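Trainee: dropping a prediction and its sequence here:
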Amino acid sequence: MNHWLVKSEPFKYSWDKFNEEGRTFWDGVRNYQARNNLRGMQVGDLVLWYHSNEGKEVVGIARVVKEAYQDPTTDDKNWVVVDLEPVESLKKTVTLEQIKADERLKDIGLVRQGRLSVMAVKPEEFDRILELGS
């Protein structure tokens, strides 16, 4: 199983809205590296949900329930989506400040490649964020 992090601006699509709907496809990715990460996701992979811009915090865990397929919001065959479902909210959100201050998370993509919207997360980074959020 792989671990990932996706970013969403809460005013566009929040964790609460995602939980209300129960499932979504992750669309709008127009960066080739992020697209390649979507293509790498497999059913069952766990995904950290990060609120960007407002909040700047990890708020929950989702699961990949359908692997990459054509993004239905565009006719351009270069872009794909995956389907996600919510697993659980973190007991405490984990802020970007906390992540940056944690020695065990110093190399996480969220810090090194802050603009990337879909990124791989090492298992130990994923576990550390869960520790901070419990």
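Mentor: Now that the structure is in, tell me what you want to look at. Everything numeric in this text was worked out from a predicted model, so none of it was measured.
Trainee: and residue 69, how many residues sit next to it?
Mentor: For residue 69, the neighbour count with other CB atoms under 10 Å is 12. C-beta: built from backbone N, CA, C; applies to glycine.
Trainee: oh, and call the first residue 565 from now on, that's how I've got it
Mentor: Will do, 565 is the new start, and the previous item becomes residue 633.
Trainee: where does it land in three-state SS?
Mentor: Three-state assignment for residue 633 (DSSP: H, G, I helix; E, B strand; the rest coil): strand.
Trainee: output the lowest mean pLDDT helix or strand found in this protein.
Mentor: Taking mean pLDDT, DSSP states H and E as the measure, helix 673-676 is the helix or strand of the chain with the lowest mean score, a mean of 94.
Trainee: quick one: list the elements packing against that one.
Mentor: helix 660-665, strand 682-685 (3 or more CB pairs under 8 Å, 6 or more residues apart in numbering; DSSP states H and E).
Trainee: any idea how far the last one is from the middle of the chain?
Mentor: Centre-to-centre, strand 682-685 and its host chain are 7 Å apart (CA atoms, centre = their mean, to the nearest Å).
Trainee: partner strands of that strand, with direction?
Mentor: Strand 682-685 has its sheet partners listed here by DSSP bridges as strand 567-572 (antiparallel).
Trainee: show residues contacting stretch 599-614.
Mentor: 565-572, 579, 582, 590, 593, 620-632, 642-646, 648, 650-651, 674, 682-685, 690, 693 (CB atoms under 8 Å, 6 or more residues apart in numbering).
Trainee: out of those residues, which are buried?
Mentor: Buried members of those, counted by 16 or more other CB atoms under 10 Å: 566-572, 579, 582, 590, 593, 620-628, 631-632, 643-646, 648, 650, 674, 682-685, 690, 693.
Trainee: and the nearest residue to residue 680 once chain neighbours are set aside, helix, strand or coil?
Mentor: Spatial nearest neighbour of residue 680, excluding adjacent residues (CB to CB, 6 or more residues apart in numbering): residue 598 at 5.7 Å. Three-state call for residue 598 (three-state DSSP): helix.
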